[in-house]
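Colleague: Quick one, structure for this:
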Amino acid sequence: MGVRAGATVLPGHQITVADQRRLSVDDLLPSKVMHPADADDAARGLRLCDLTPASVVIWGGGSQMRLGAPPRRYDIAFSTERMTRLLEYEPADLTCRVEAGMRMIDLQAALRAQGQRLPLDPPHPERATVGGMVAANTNGLGRARYGTVRDWVIGIAVAYPSGKVARAGGKVVKNVAGYDLMKLHIGALGTLGVVAEVNLKVQAIPESEATVLGHFEAATPAVAAGLQLARSYLAPSASIVLDRRALWECGLTADWRWTLALKLEGYAREADAARDQASGVIRDAGGRVEAADLPPMFWDAARDWSAPDGDVALLRAIAPIASVPTLSGAVPPEASVIIQPAAGIVDLRLTPSAAAPTLQRVRSLAGDEGQVVVVSAPASVKSSLDVWGPPPPGFPIMRALKQALDPNGILHPGRFVGGI
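Modeller: Predicted coordinates for the structure are as follows:
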């Protein structure tokens, strides 16, 4: 067990009622707020919280704050909104180092000025921060082509409740020292420490971009066509299958029940060849190719669809690719679905009242090889749901790591898998 010093006064600054509401988590309100200026300041602040002890919820842009179980306690809102600097950027080396509170839209703008980008595109980039992307492991729709957060993070700095800052990795693409520490914090939802700085590799912006739509009467041929294209040399940079309702929610209409949307990127000749290939595969699978130009906001809407605001629930199933068509069949009539065929991801968006029975049904269909989590739900519904499902076989190791790095359990208590 950790040492409890028993301080009686909560650290941090007084918080206004408006900020309490803005920084609420599953209807719980913080009593104080902290705004560290950099990694060392974050470590000092966490040490004060640990000595109290005071429970901490880390805040970036808030785009992923609906992910996770309701916290057992919530005393301090630990905000990274002052940690927004681009610390280093070497366009010739295709690397950069940024503070965790930098918004994705600002990072991409700085890279774009040099003809470069980070090919990770988490939802709501106008709010999403680099640290939040790492903590929640949000990749966007290009996962099958460009990989995950782990593939683009080459270094990290983390502040711990002990008051220390640990650094791992480096500033060059081939540096793999400390890689395990980076893997430890990617997707840990801030339960082990505060991600303070991130080193990233970047890439050149593609010369050309195009979109192809294929309409189908059933999900299975649409998913099969998406898989076939993902395995080809001219693989799409994004490939999603949407049902009719999800397509409407992303700003398009179609008479067909299912639509395969493909984003094609590369040199102009590559994009043209990929368009021809995609059209042929869609027709061979029994689909109809859509030739009309798309509204420019379609892909933005599709990206943001999986992180909804408001009174809606979203379930995510991650399962073997062969199970994807079966999972899509579990969609209740009032729900909508977006599938990433090559990543084995099925996102279901539905009314809160349908969340519990649908969650049970999808988990049954996913079986032991799949995982189904509640990505988003109103607090009144989430409290009655098993958000993460059964802990994985390695859970005792996860619990031991939590005990070693956060012995007093102040970071996001109860939010992660198994109530960590």
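Colleague: Going by C-alpha atoms from here, please, whenever you check contacts or count neighbours.
Modeller: OK.
Colleague: mind listing what the residue positioned nearest the centre of the chain touches?
Modeller: Nearest to the geometric centre of the chain sits T138, at 2.0 Å (C-alpha atoms, centre = their mean). The neighbours of T138, taking C-alpha atoms under 8 Å, 6 or more residues apart in numbering as the test, are 121-123, 148-149.
Colleague: Kindly report the same for A224.
Modeller: Residues in contact with A224 (C-alpha under 8 Å, 6+ apart) are 285, 341.
Colleague: Please report the distance of it from G131.
Modeller: Counting by C-alpha to C-alpha, to the nearest Å, the gap from A224 to G131 is 35 Å.
Colleague: can you give me the strands in the stretch 51-200 of the chain?
Modeller: 56-59, 76-79, 86-90, 95-99, 116-117, 153-159, 165-169, 194-201 (DSSP state E, counting those that start in this stretch).
Colleague: May I have the strands that pair with the fourth one, each with its orientation?
Modeller: Using DSSP bridges, the strands paired with strand 95-99 in its sheet are strand 86-90 (antiparallel), strand 194-201 (antiparallel).
Colleague: quick one: it to strand 153-159, angle?
Modeller: With axes from the mean of the first three to the mean of the last three C-alpha atoms, to 10 degrees as the basis, strand 95-99 and strand 153-159 are set at 20 degrees to each other.
Colleague: contacts for strand 95-99?
Modeller: Defining contact as C-alpha under 8 Å, 6+ apart, one finds that strand 95-99 is touched by 38, 83-90, 130-131, 171-173, 196-202.
Colleague: could you redo the last one with a cut-off of 6 Å?
Modeller: 83-89, 196-202 (C-alpha atoms under 6 Å, 6 or more residues apart in numbering).
Colleague: Specify which member of these is nearest to L48.
Modeller: Comparing the contacts of strand 95-99 against L48 with C-alpha to C-alpha places A196 closest, at 17.0 Å.
Colleague: which stretches of the stretch 151-300 of the chain have low pLDDT?
Modeller: 171-180, 291-292 (pLDDT under 70).
Colleague: for the closest residue to P332 other than its chain neighbours, helix, strand, or coil?
Modeller: Spatially, and ignoring its direct neighbours in sequence, P332 is nearest to T358 (7.4 Å; C-alpha to C-alpha, 6 or more residues apart in numbering). Here T358 is recorded as helix under DSSP: H, G, I helix; E, B strand; the rest coil.
Colleague: Tell me the pLDDT of T358.
Modeller: Looking at T358, its pLDDT is 93.
Colleague: That one and T220: what is the separation?
Modeller: In terms of C-alpha to C-alpha, T358 sits 20 Å off from T220.
Colleague: for G147, same thing?
Modeller: 24 Å.
Colleague: Ok, V98 next?
Modeller: Taken as C-alpha to C-alpha, the span from V98 to T220 is 42 Å.
Colleague: who's more crowded, the two?
Modeller: Legend: neighbour count by other C-alpha atoms under 10 Å for V98 and T220, higher for V98 (23 against 18).
Colleague: Now tabulate the strands of the stretch 51-200 of the chain in JSON lines and tack on distance to S208.
Modeller: Converted to JSON lines, these look like this (distance: least, C-alpha to C-alpha, whole Å):
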{"stretch": "strand 56-59", "distance to S208": "36"}
{"stretch": "strand 76-79", "distance to S208": "38"}
{"stretch": "strand 86-90", "distance to S208": "24"}
{"stretch": "strand 95-99", "distance to S208": "23"}
{"stretch": "strand 116-117", "distance to S208": "14"}
{"stretch": "strand 153-159", "distance to S208": "26"}
{"stretch": "strand 165-169", "distance to S208": "33"}
{"stretch": "strand 194-201", "distance to S208": "21"}
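Colleague: Which one, of those strands, ends up nearest to E290?
Modeller: Nearest to E290, of those and by C-alpha to C-alpha, is strand 116-117 at 28.7 Å.
Colleague: ok, residues contacting the closest one?
Modeller: Strand 116-117 is contacted by residues 108, 111, 202-205 when judged by C-alpha under 6 Å, 6+ apart.
Colleague: Tell me the one among those nearest to V381.
Modeller: So of the contacts of strand 116-117, ranked by how close each gets to V381 (C-alpha to C-alpha), first place is Q108, at 35.6 Å.
Colleague: Thanks a lot, catch you later.
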